[in-house]
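[1] Just the structure for this:
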Amino acid sequence: MIPHYEHIYVVDERYFQTSLVEFIQQNGVNDLLFLNNAFSAMTGYHANNLKKLMYQVYVPPEQTEEESQAQNSRAEEPKWQGVQEDDTGNEDDDE
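    As a prediction, the model looks like this:
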């Protein structure tokens, strides 16, 4: 599957803090694949958590002046928290 996609985004629903719909639109995502274990996928609780991801709104916590200065001194961090991007352009060779 990996060689067929330019970008693969991995979202952990426990830590994803923004709207999944917005993320999909802003990153031009065309295909989605949900991976769950059989026990959690069959519960209403888990299905509702996936629905909540669609339109949840992230409100960042207020920062102290010290935290703000520390953040400004660091390099820019990824916009989407809880998402890991895998650039599949660099294929691993098993040779």
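[2] Please count neighbours and contacts with C-alpha atoms only from this point.
    Will do.
[3] For this protein, give the helix that spans the most residues.
    Secondary structure of the chain per DSSP state H: the longest helix is helix 44-55.
[4] what comes into contact with that helix?
    With CA atoms under 8 Å, 6 or more residues apart in numbering as the test, helix 44-55 has contacts from 13, 16, 18-21, 40-41.
[5] what does the average pLDDT come to for that helix?
    Per-region confidence: helix 44-55 scores 83 on mean pLDDT.
[6] For that helix, list every residue counted as buried.
    With burial defined by 16 or more other CA atoms under 10 Å, the residues of helix 44-55 counted as buried are residue 53.
[7] on that earlier part again, make CSV out of the contacts of helix 44-55 and add secondary structure, neighbour count and pLDDT.
    Formatted as CSV, these follow (DSSP: H, G, I helix; E, B strand; the rest coil; neighbours: other CA atoms under 10 Å; pLDDT from 0 to 100):
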residue, secondary structure, neighbour count, pLDDT
13, coil, 14, 83
16, coil, 16, 85
18, coil, 19, 85
19, coil, 16, 87
20, helix, 20, 89
21, helix, 13, 90
40, helix, 11, 74
41, helix, 14, 71
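[8] Would you mind checking which of the residues you listed is nearest to residue 30?
    Each of the contacts of helix 44-55 was scored against residue 30 by CA to CA, and residue 21 proved nearest at 11.6 Å.
[9] Relative to residue 54, how far out is the closest one?
    Between residue 21 and residue 54 the distance is 5 Å, computed by CA to CA, to the nearest Å.
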